[in-house]
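In: Predicted model and sequence below, questions to follow.
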Amino acid sequence: MKKIIYLDNAATTEIHPDVLNEMLPFFKKMYGNPSSIYSLAKSSKRGINLARERVAKALNASTKEIYFTSGGTESDNWAIKGIAFANEKKGKHIITSCIEHHAVLHTCEYLTKYGFEITYLPVSEKGIIDVKELERAIRKDTTLVSIMFANNEIGTIQPIKEIGEIAKKNNIYFHTDAVQAIGNVSIDVEKLNIDLLSLSAHKINGPKGIGALYIREGVNISSMIHGGMQEFGRRAGTENVAGIIGLGKAIELSTNDITRKTGYLKELRDYTIDEIVKRIPDTIVNGDRVKRLANNINICFKYIEGESILLMLDHEGICASSGSACTSGSLEPSHVLLAIGLPHEIAHGSLRLTLSKNNSKEEIDYVIERLTAIVKNLRELSPLNK
Ligand code: PLP
């Protein structure tokens, strides 16, 4: 098989060998149900406890505030619906941004069927919300502000500290979708005044189908999944033991060396962007060049379609994306690129490359060389290129 160059780490990541090693015994010898009382089951329970400690430590939270879920999507759903329904006597107004992941946007849309009102904050052309607009949007009946930590398409990092302060001052809960930020940015829920935080293992070299929701102690939130007494009686269902163990190890590994990892990635990211812009005319770099995830590159190439670039890159063994994995397959351009003010025809020509610390400069040089040729060929065929 041809060597694969994987540049789609915002979609998902390769499992880390140490993560897999810690998970494997829980598929084999240590298969006990953590709710049972015999010794076999106790190893499962101990594994879950250790994972909860590791997640709590990564966020500067306490173990009682960490709840395991099936991933980022469930965590977002629980945070938003759970706060909305538990606090509806206080009010039915929620503030979010127009560049959230669909796990947030579609959940908010669903709530409108139950009489909730949603304010979608716009973003600047760099993809960042204006905290003054947030302050202006707050009403007496606002119960929740849900703003993502970092965007999955253009990598912009929001002013989370300021948002947390505003929410606290106004006695409103603050939820952040940190699925893309975790492991890339240091997160301290205390310092940042975060009340609820969603995360997912498969973005940080952990397994798919497992995530967590941080819920600050004392937050008034309804449960979404009813049944047994697992997860402190708030999220029922026999635990995904191996997945939880994997998440715990993945978060420990990914948060341990953030500074070193992001230092390397920023250099590689900036080199890639600069080289692409230098070699390929008519390109637009999307998002903020500084307030941006260390591994995110998002560029529009005028006159051509991102999907065609992806197919040709795939032919060369290069995995990339033209938007978020969840929206690819749809003909609509990305809602994020439209929100930063790009016209439809330019938004269609976007390419997202998301790096990992396993990518080398040699790989990047190869990708840039192939990309330059691909864009040139496609443009020669494009009727839009006059
Ligand atoms: N939120 C963001 C910002 C994401 O990027 C993703 C996945 O792409 C999700 C939520 C959903 O996470 P999961 O795939 O674990 O359901």
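Out: Yep, that arrived. Computed from a predicted model, the values in this text were never measured in an experiment.
In: SS state for L105?
Out: Three-state assignment for L105 (DSSP: H, G, I helix; E, B strand; the rest coil): helix.
In: Tell me how many other residues crowd it.
Out: 19 (other C-beta atoms under 10 Å). Where you see a C-beta, it was placed from the backbone N, CA and C, and this is true even at glycine.
In: which SSE is R352 in?
Out: strand 350-354 (DSSP states H and E).
In: C-terminal to that strand, which secondary structure element comes first?
Out: Next along from strand 350-354, by DSSP H and E: helix 361-381.
In: quick one: the strands in this protein?
Out: Counting by DSSP state E, the chain has strands at residues 5-6, 66-69, 93-97, 117-121, 142-146, 173-177, 196-200, 211-215, 283-285, 296-301, 318-319, 350-354.
In: next one: the fourth one to chain centre, how far?
Out: Its chain's average C-alpha position is 20 Å from that of strand 117-121, according to C-alpha atoms, centre = their mean, to the nearest Å.
In: Show me what that strand packs onto, helices and strands only.
Out: Under the contact criterion of 3 or more C-beta pairs under 8 Å, 6 or more residues apart in numbering; DSSP states H and E, strand 117-121 touches strand 93-97, helix 102-112, helix 131-137.
In: so who does R279 touch?
Out: 368, 372 (C-beta atoms under 8 Å, 6 or more residues apart in numbering).
In: rerun that using 6 Å as the cut-off
Out: The contact partners of R279, taken as C-beta atoms under 6 Å, 6 or more residues apart in numbering, are T372.
In: Quick check: it vs E133, distance?
Out: Distance from R279 to E133, counting by C-beta to C-beta, to the nearest Å: 38 Å.
In: for S360, same thing?
Out: In terms of C-beta to C-beta, S360 sits 42 Å off from E133.
In: show me what contacts the residue of the chain at minimum distance from the ligand?
Out: Going by C-beta to the nearest ligand atom, the ligand is nearest to G72 of the chain, at 2.5 Å. G72 makes contacts with 179, 198, 200, 211, as judged by C-beta under 6 Å, 6+ apart.
In: filter these down to the ones close to the ligand.
Out: 179, 200, 211 (C-beta under 6 Å from any ligand atom).
In: Across the sheet, point out what pairs with the last one.
Out: In this structure, G211 has the following beta-bridge partners (DSSP bridges): T69, S200.
In: Spit out the contact partners of it.
Out: G211 is in contact with 69, 71-72, 75, 199-200, counting by C-beta under 6 Å, 6+ apart.
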